[in-house]
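S.K.: sequence and predicted structure are below.
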Amino acid sequence: MMPLVSLRKHYRLALIIMLVILVAGIAAVWKKGKYVYAVSATVYVSQKFASILKDAKDLEFAGSQAYKQYIEQQALTIGRYDIVLEALQRLGERRLVWQMPGESDRRAAERLKSALVIKTVKDTYQITVGLESENPDGLDQVLNSVLDTYVEKSRELDSFFARDARLGALRERRQKIMTGVEQKLVRRNQIAEHLGVTSFTSNAVNPYDQLLMDSMIALAKAQRDRIASESELSNFEGKDAKAALGAAAFEFLQKDPGLNSLKANLHERRSVLIQQISGLQDTHPLMSQIKQELKQIEEELNHITTDIYNTITNSLLEQRRSNVRRDRQTESELQKQIETLRHKASGFAAVYNEALALNAEIDKSREQLEAVDNRIDFFEMESQAPGFVRIDSYARPPDSPIKGGRKKLFMIVFVAAIGLGLGAPIALDIFDRSIKSPNVIIKILGHPPIASILERTDDIAVQRVRDDQIRRLAITLDRERQTHGKPIVLMTSVKPGGGVTDLAFDLGNELREMGVKCLVVEVNPLKPDPRYTAGKLTPGLLDMLVEPIDAREAVIPASQDLPERIGVGFAVVPHLFAYPRLRERLEELNEHYDIILLDAPPILLSGDTEYLAGIANVSLLLIGSGQVGPGELRRAADIMQKVNPPVIGFIVTHLKIYKGGGYFAKQVEEYAAAEARAQAVLREHPLKQNQS
């Protein structure tokens, strides 16, 4: 990197950049050169959450690193888009001090977001927030609104993430629980009314259980009574039923008071009658009457006894049957009653258990309701806590500008114009990868160039150096001729513009002055050079390939500026043909000349050059300074290596000389100094000047 060389090389670019920046900068300064006002505020970030509840251990930072990360996160949060937008909306009509007429809320918020200057103060608990504007009116109100909004948002996030959403969810949950409790209470009241109870306890006795137990006891007794009555009935209706029935009837007859009274009356009457007939003769008229009466009494007694006996036996039998029917009916009714009671007891238990489950659910819901109420109270109370962040100092109205004015901005523009104007040429050369120095060729190919040719110029000293370089190259070719015989020298370049034709003519002229017969042959049908024809319709190389023309007839004689030469001729196609014939004609020309220079097209563009490199004794690859990149040079060298010519040399052309550094610049200076000394000597000795 040579800054002076770059500046001399691209001084026009530097001047243009400076001029453009100055013109545009002066216009911008004139329009934007206004005073700027600033306000600032400070936010205090605590290491602990300033809770208003007793238990807040989970709201402490684990360590200094976590606290540091929290401060950085808060610094990024202050300028968040939603916070800035809400801050402007809170200002109401006062936001017009910041929002320009016709500007959308989004654009104003984005502009305010980018204008905020937020910095963390090292080794402190503070964050500074600044805001600059050309309009000082209400600037402090805008910044304070941003900070107030940020603190509220931060308090919501620090105390509880998404507090409003979570409170809404809790209130929704509370309403849902309340609705469920009310529905369960209504159902429980319906059950109480249906069961006829006023309360439900887990150890309560099912009233149907006692009724069912009593009914089952009564059923057991009824079954025993039925068995007893059936047994009594079977005694009166079985095989030995007559004796048992008679015994029972006789027992009742013995105890019957009417029968006993009748018997007593009849026995008393019989006794009276027996007394009357005692002592009477059988012939006595009263005897038969009394006997007849006694017989009637006996028959009446027997008849009454039989009737009563029959009545009693029938009554006893019907009574036993009636008892059996009664006991069976009683047992059947009790069984039905038990089934009914069992169904009622089961239904009562299910409904009662439902009521007990409702009680448990109501109690659980009330516990949940209490927990939700406590949580809501906790949120509402804790959301008012100071939290981790709070405003340490609010912004105050600005009283004087901190910067601005056209003078300072103009100085900035001036410095920028000078810096960019000087830096652009240097950067251009730094990022330009084209080959500009022979040393680069050594790094790329590992071989130094055999010659370095300066660019043509009007500077006499530079031209002297260039002529000397060409002369050295001509001497090298002549040395090759003396060592290995008459050479055919191929001259090609990596890319167009390498200066092959100019160098071939210069070498031809130089070799002619050295007394070496040299012929320059144009073998470039891609772009024929008019200097090879000299305005004459002379046969060229292509004509020699198709017609038996004497090679010397195609040679254009040398002139003051041009050596002997043969043009390529009229090129129908942009490439050579008849390669064997071409080789013969070149060997024929080589018999008449010491050196033949082949002016070939660039090797990267033409396959003809690759063939010519194979038949030439020496191949010279010209590398245009500032034209060829490292990759292009490597590709050209690879092609040459594939052909493997006997001798290959690299020549750097179009080297530019800039005052300020470099080997060739010093060489030119030495030539210029030597020329100046020679001129001084000639001026002192005019005779020598005339002789010279």
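M.R.: Looks like it came in fine.
S.K.: wait, M491 sits on L597?
M.R.: Yes. With the criterion set as Cβ atoms under 8 Å, M491 and L597 qualify as a contacting pair; they are 5.8 Å apart. Yep, even glycine has a C-beta here, placed from its N, CA and C like the rest.
S.K.: have a look at those two and say which one is more surrounded.
M.R.: Counted by other Cβ atoms under 10 Å, M491 and L597 do not tie: L597 has more neighbours, with 29 against 26.
S.K.: secondary structure element holding that one?
M.R.: Assessed by DSSP states H and E, L597 sits inside strand 595-599.
S.K.: quick one: stretch 562-582 to chain centroid distance?
M.R.: Once both centres are worked out by Cα atoms, centre = their mean, to the nearest Å, stretch 562-582 turns out to sit 67 Å from its chain's centre.
S.K.: same question for stretch 359-370.
M.R.: Averaging C-alpha coordinates over stretch 359-370 and over its chain gives two centres that are 43 Å apart (Cα atoms, centre = their mean).
S.K.: using CSV, list the CA coordinates for that stretch.
M.R.: Coordinates of each C-alpha in stretch 359-370 appear next as CSV, following Å, rounded to 0.1, in the frame of the first residue of the first chain:
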residue,chain,number,x,y,z
ASN,A,359,-71.8,-31.3,50.5
ALA,A,360,-68.2,-32.4,49.9
GLU,A,361,-68.1,-30.7,46.5
ILE,A,362,-69.6,-27.6,47.9
ASP,A,363,-67.0,-27.6,50.7
LYS,A,364,-64.2,-28.2,48.1
SER,A,365,-65.5,-25.5,45.9
ARG,A,366,-65.6,-23.1,48.8
GLU,A,367,-62.0,-24.0,49.6
GLN,A,368,-61.1,-23.3,45.9
LEU,A,369,-63.0,-20.1,46.0
GLU,A,370,-61.1,-19.0,49.1
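S.K.: show me the domain layout of this structure.
M.R.: 35-160+386-393, 207-382, 438-657, 662-692 (automatic domain parsing).
S.K.: comparing these, which comes out most buried?
M.R.: Mean neighbours per residue, mean count of other Cβ atoms under 10 Å, is largest over the domains of the chain for domain 438-657, with a mean of 18.
S.K.: give the rounded mean pLDDT of that one.
M.R.: The pLDDT scores in domain 438-657 average 88.
S.K.: just stretch 373-382 next, same as before
M.R.: Computed over stretch 373-382, the mean pLDDT rounds to 71.
S.K.: equivalent analysis for stretch 39-48, please.
M.R.: In this model, stretch 39-48 carries a mean pLDDT of 80.
S.K.: what of stretch 65-84?
M.R.: Across stretch 65-84, the average pLDDT comes to 83.
S.K.: what of stretch 117-130?
M.R.: Per-residue confidence for stretch 117-130 averages out to 86 on the pLDDT scale.
S.K.: same deal with stretch 215-228?
M.R.: Stretch 215-228 shows an average pLDDT of 82 in the prediction.
S.K.: ok, residues contacting that stretch?
M.R.: Contacts of stretch 215-228 with the rest of the structure, by Cβ atoms under 8 Å, 6 or more residues apart in numbering, involve N323, V324, D327, R328, T330, E331, L334, Q335, Q337, I338, L341.
S.K.: after whichever helix or strand the fifth one is part of comes which helix or strand?
M.R.: Read that as T330. Using DSSP H and E, the element containing T330 is helix 285-382. Downstream of helix 285-382, the first helix or strand assigned by DSSP H and E is strand 387-393.
S.K.: that following strand packs against which elements?
M.R.: Using 3 or more Cβ pairs under 8 Å, 6 or more residues apart in numbering; DSSP states H and E, the elements in contact with strand 387-393 are strand 37-50, helix 64-78, helix 139-159.
S.K.: what angle sits between it and strand 37-50?
M.R.: Here strand 387-393 runs at an angle of 150 degrees relative to strand 37-50 (axes from the mean of the first three to the mean of the last three Cα atoms, to 10 degrees).
S.K.: and strand 387-393, which strands flank it?
M.R.: In the sheet, strand 387-393 lines up against strand 37-50 (antiparallel) (DSSP bridges).
S.K.: off-centre distance for the partner strand?
M.R.: Here strand 37-50 is found 32 Å from its chain centre; the criterion is Cα atoms, centre = their mean.
S.K.: same check, this time on stretch 583-591
M.R.: When C-alpha coordinates are averaged (Cα atoms, centre = their mean), stretch 583-591 and its chain have centres 75 Å apart.
S.K.: can I get it as PDB, trimmed to CA atoms?
M.R.: As requested, the backbone C-alpha atoms of stretch 583-591 are provided in PDB (Å, rounded to 0.1, in the frame of the first residue of the first chain):
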ATOM      1  CA  ARG A 583       4.600 -24.600 -39.900                       C
ATOM      2  CA  GLU A 584       6.300 -25.100 -43.300                       C
ATOM      3  CA  ARG A 585       5.900 -21.400 -44.300                       C
ATOM      4  CA  LEU A 586       7.300 -20.200 -41.000                       C
ATOM      5  CA  GLU A 587      10.300 -22.500 -41.300                       C
ATOM      6  CA  GLU A 588      10.700 -21.200 -44.800                       C
ATOM      7  CA  LEU A 589      10.700 -17.600 -43.500                       C
ATOM      8  CA  ASN A 590      13.100 -18.600 -40.700                       C
ATOM      9  CA  GLU A 591      15.700 -19.500 -43.400                       C
END
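S.K.: contact partners of that stretch?
M.R.: Residues lying outside stretch 583-591 but in contact with it, judged by Cβ under 8 Å, 6+ apart, are K486, I488, L519, V521, L541, M544, L545, A551, I566, I596, L598, I615.
S.K.: return the subset of the residues you listed lying in helices.
M.R.: For these, the ones inside helices are L541, M544, L545, I615, with DSSP state H as the criterion.
S.K.: look up how far L507 lies from the last one.
M.R.: With distances defined as Cβ to Cβ, to the nearest Å, the gap from I615 to L507 amounts to 19 Å.
S.K.: same check, this time on the third one
M.R.: The gap separating L545 from L507 is 25 Å, by Cβ to Cβ.
S.K.: swap in the second one?
M.R.: Computed with Cβ to Cβ, the distance linking M544 and L507 is 22 Å.
S.K.: try the first one
M.R.: According to Cβ to Cβ, L541 stands 19 Å off from L507.
S.K.: rebuild the helices and strands packed on strand 387-393 as CSV, extending it with distance to I426.
M.R.: Rendered in CSV, the data for the helices and strands packed on strand 387-393 read as follows (distance: least, Cβ to Cβ, whole Å):
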stretch, distance to I426
strand 37-50, 37
helix 64-78, 39
helix 139-159, 43
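S.K.: sweet, I'm off.
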